[in-house]
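**Q** Structure for the following, please:
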Amino acid sequence: MQGDDIVPEIRPIKDLRNTTEISEICHSKQEPIFITKNGYGDLVIMSIETYEREMARVDLYKKLAEAEGQIAEGMPLLEAEDVFEKLRGKYARK
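**A** Next comes the predicted model:
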């Protein structure tokens, strides 16, 4: 199986009775668990670590879309060395 072929964990809502097992699955798979109710998707459950990782990914995509929009509008690009020098100055250990 390749990395993009991850099979989602799908469980019926009655499995939520066993909170320890659901928690262990969330942490071990590091992926959301999809909960069904009457055969239809109802909830998504995930560990805090997975949630934070997904939110960081969403934030990154949002920033990339914003940057692409700025480029499309003709906003001038910054020189990488200037940006890195500014970051080093801002975050250098003192």
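
**Q** residues in contact with the residue nearest the centre of the chain?
**A** Centrality entry for the chain: nearest residue to the mean C-alpha point is Glu54, 1.4 Å, by CA atoms, centre = their mean. Counting by CB atoms under 8 Å, 6 or more residues apart in numbering, Glu54 makes contact with Met46. In this view, the C-beta of every residue, glycine as well, is placed from N, C-alpha and C.

**Q** Met46 versus that one, what's the distance?
**A** Look at Glu54 and Met46: by CB to CB, to the nearest Å, they are 7 Å apart.

**Q** Now the residue nearest to the centre of the chain: which helix or strand?
**A** Assigned by DSSP states H and E, Glu54 belongs to helix 48-72.

**Q** Name the next helix or strand downstream of that helix, please.
**A** Per DSSP H and E, the first helix or strand lying C-terminal to helix 48-72 is helix 80-91.

**Q** That following helix: how far from the chain's middle?
**A** Relative to its chain's centre, helix 80-91 lies at 27 Å (CA atoms, centre = their mean, to the nearest Å).

**Q** Could I get the average pLDDT for it?
**A** Averaging pLDDT along helix 80-91 gives 89.

**Q** care to break this structure down by domain?
**A** Using automatic domain parsing, the domain ranges for the chain come out as 1-46, 48-94.

**Q** most packed of those domains?
**A** domain 1-46 (a mean of 12; mean count of other CB atoms under 10 Å).

**Q** tell me the mean pLDDT over that domain?
**A** Here the average pLDDT along domain 1-46 is 90.

**Q** Tell me how far it lies from the chain's centre.
**A** In terms of CA atoms, centre = their mean, the centre of domain 1-46 is found 16 Å from the chain centre.

**Q** Please apply the same query to stretch 80-94.
**A** 27 Å.

**Q** same thing with stretch 56-74?
**A** Centre-to-centre, stretch 56-74 and its host chain are 16 Å apart (CA atoms, centre = their mean).
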